[in-house]
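> turn this into a model:
(2 chains)
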Protein chains: 2
Amino acid sequence: MSKKIIVQKFGGTSVGSPEKIKAVANRTSKLLDDNKSIVIVVSAMGNTTNQLVKLAKEITTEPNPREYDALVSTGENVSASLLAMSFQSLGINAISLTGAQAGILTQDLHAKAKILTIKTERIQKELNNNKVVIITGFQGINPNSDITTIGRGGSDTSAVALAAALECEECEIYTDVDGVYTTDPRKIKDAQKLTEVSYEEMLEMASLGAKVLHPRAVECAKENNIILHVRSSFELTEGTRVKEANKLEVNKPVTGVAVKENEAIISMIGVPDTPGIAGEIFSELANNGINVDMIIQNVLEKTDSNNISFSIAEDDLDQTKKITKSIANKLNCKLLTDTSIAKISCVGIGMISKPGTASKMFTALGQNNINILRITTSEIKISCAINQEDAQKALEILHNEFELT
Amino acid sequence: MSKKIIVQKFGGTSVGSPEKIKAVANRTSKLLDDNKSIVIVVSAMGNTTNQLVKLAKEITTEPNPREYDALVSTGENVSASLLAMSFQSLGINAISLTGAQAGILTQDLHAKAKILTIKTERIQKELNNNKVVIITGFQGINPNSDITTIGRGGSDTSAVALAAALECEECEIYTDVDGVYTTDPRKIKDAQKLTEVSYEEMLEMASLGAKVLHPRAVECAKENNIILHVRSSFELTEGTRVKEANKLEVNKPVTGVAVKENEAIISMIGVPDTPGIAGEIFSELANNGINVDMIIQNVLEKTDSNNISFSIAEDDLDQTKKITKSIANKLNCKLLTDTSIAKISCVGIGMISKPGTASKMFTALGQNNINILRITTSEIKISCAINQEDAQKALEILHNEFELT
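Modelled structure (predicted):
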């Protein structure tokens, strides 16, 4: 009978020092028994990746993507081999595998390659030899045998892809928080840990700045129907399971509230109502690596032009203005900028079946004199742009309003 | 017509910082023309390897060799990719290759694997695409695709093996000194840079502590008849060529004088004259990684027992005593220890054809009241153990005596 394989992923904070790496080995060693095989995916230690990026930037402001991947992937090699040594020093058989050795094949793209397939022969062989198999997250190889990386935060995705390839039911994501909360517990003291959350809600929360899981990993888990168990590296308590929603059980319209600060809003006023223009604007921004959020387009009454607004991280403001200015000039339209914006969002799969969630949110904010600057909604999310100074107050109001405490 | 391939090796000091890495790219870029292809072998940046070893030691005092190799090899990956970026930022096509990508196949051994063969297809392909090919020194892969390392100082050997596989005439070894000197220029001010030195002399000097070249690299160069050009990373002057001796041109008996300090001598008195005993002693020491030097065995007159003496680094003294004590007890022989010993050696291929070199050396030391504790000789080397406090004086005397200034 083949053993049950468990994939565990430990992030950079969890392997931030030799002591922490030893603690990880120690923790996992206690789970070992004859019926289980363990595969561990690790990120680079603490700040290592940033230090490597800094080195590259000291050489050139525009490092070649292939060399950049060869460079930054070394961080995971270091933590994987140190973790293997830690198991071995406990008398447990273990082996570290690089992305290449683990058979993680990606697209021929750098810095953001997608995993195409995982040839698990080597992993299976080592598991059959009763070894804990430790695999470098974040990296793979392309058809040329060149090292690729799959984007920041990609170790989560590596773990899920491995869980899928190894036909696991569950993938454990160990992190420095002990689960997913109704909102950021650093901001709201009585935020509650959720036992379960749906993939869809987690996706919305992740893109709203809840940093526990990378959105790609959630998507990948959803596609492969793998349960993600988000839990603490430092405590033994159960965390939050991200899984297919059981819609019969949903009784609250809102599962969580999130705030994203330090945003800016760019508005282009009087954009000609011609097909293809929005495409041009956002392609140009995407090509420059600018992450655009909250796109709103309104038709101006009785004209043949539109207003297009979108939010970005305030850090990207200068570059975004440069790009949009040249397009605005060409189209002969006006450009407006709002800075110091926060985006507050309510997320919940329950709002699909419970109408009135949006109006409840807007009313609560309005009664407390919080001005709503922009609104966007998706099936399970309502987001409002507000002034940054109102962010904390708005969070407290909505967390209470939707009975999350 | 195929281009001439030049292999250049840059050590850790030469690539110790982003600035130095850029300087290396800058320097080599000036050599580029349509008739040359450049392959560069790099060590890890400055102190990186030691830092990685330190990390391992924080996990366990006895790291698993496979994981140790996976860990320490990352240092070279970092410097290789940074150097590739530096070339690219100068507008020069370049690519970094790991040991695996460069086809460097080694024995299935860790920490000290020998290079078995180099499959140069990928290197050749990249050279044909007019790229500067940068290869990580010190590492390869075994038949299992596991990363191996070839021992400290192994990047020199990597470079020579690559030069042999690529059928180069010369391999350039860039370092922080500008060549090989008659003796350590930090100790004797008017030490002279040698234009040429034979493989044999270089081998003796290397094992005497002249740190410019790793002995294995010299052996490998000798076997493959590759000229090693030892030169400065920071200056453009020619350095020292290590090559087949032209015996007709030798006119001095001694080419260089070297001193190795902080040695200890262990003497075993009354070792039974039975075959296999010396073998047992030195196997035991080798198995414990203790580098033994200057082995002397004398038969005691009118007995059937021997005295065996050998020198070791003073750092290894405690461990060596422990090992030899248990053997001495078993053999019922006495153990003596001399500490604070220096070994001074004269090296020269000329001494083969010029008798009297040894007596000249002993006389010079004797006339200056320097007591000789032990003597060993090889075909081209005479070494004397002396008290450490006499080391500098002895060096000055012999450097003068053999007209090296």
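
> all helices of the stretch 1-150 of chain A, in order?
In the stretch 1-150 of chain A, the helices defined using DSSP state H, counting those that start in this stretch lie at A:18-29, A:48-59, A:65-72, A:74-89, A:121-128.

> out of those, nearest to residue B:232?
helix A:48-59 (22.2 Å; CB to CB). For glycine as for every other residue, the C-beta is placed from the backbone atoms N, C-alpha and C.

> is there contact, residue-wise, from that closest one to chain B?
Yes: contact of helix A:48-59 with chain B (CB under 8 Å from any CB of the partner chain) involves A:52, A:55, A:56, A:58, A:59.

> which of those residues are buried?
A:52, A:55, A:56, A:59 (16 or more other CB atoms under 10 Å in any protein chain shown).

> helices and strands around the strand or helix carrying residue A:257, which ones?
Residue A:257 belongs to strand A:256-272 when assigned by DSSP states H and E. Counting contacts by 3 or more CB pairs under 8 Å, 6 or more residues apart in numbering or on different chains; DSSP states H and E, strand A:256-272 is packed against helix A:199-207, helix A:277-287, strand A:293-299, strand A:305-313, helix A:317-331, strand A:334-347, helix A:391-401.

> if we use 7 Å, what do you get?
helix A:199-207, strand A:305-313, helix A:317-331, strand A:334-347, helix A:391-401 (3 or more CB pairs under 7 Å, 6 or more residues apart in numbering or on different chains; DSSP states H and E).

> tell me the strands beside the fourth one, with direction?
Looking at strand A:334-347 with DSSP bridges, its paired strands and their directions are strand A:256-272 (antiparallel), strand A:381-387 (antiparallel).

> and the strand holding residue A:257, which residues are buried?
Neighbour counts using 16+ other CB under 10 Å place A:256-260, A:263-268, A:270-271 of strand A:256-272 among the buried residues.

> what of stretch A:143-155?
So for stretch A:143-155, counting by 16+ other CB under 10 Å, buried means A:146, A:147, A:148, A:149, A:150, A:153, A:154, A:155.

> switch the residues you listed over to TSV; also include distance to residue B:8 and pLDDT.
Formatted as TSV, the buried residues of stretch A:143-155 follow (distance: CB to CB, whole Å; pLDDT from 0 to 100):
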residue	distance to residue B:8	pLDDT
A:146	23	97
A:147	24	97
A:148	28	97
A:149	29	96
A:150	34	93
A:153	38	67
A:154	35	89
A:155	36	94
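
> reformat those as TSV; add distance to residue A:34.
Output for those, formatted as TSV (distance: CB to CB, whole Å):
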residue	distance to residue A:34
A:146	40
A:147	36
A:148	37
A:149	36
A:150	34
A:153	35
A:154	33
A:155	29
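
> quick one: which of those is nearest residue A:11?
Closest approach to residue A:11 among the buried residues of stretch A:143-155 (CB to CB): residue A:155, at 6.7 Å.

> contact partners for the closest one?
A:9, A:11, A:41, A:43, A:137, A:138 (CB atoms under 7 Å, 6 or more residues apart in numbering or on different chains).

> so who does the third one touch?
By that I understand residue A:41. Taking CB under 7 Å, 6+ apart as the test, what residue A:41 contacts is A:7, A:9, A:135, A:137, A:155, A:158, A:159, A:162.
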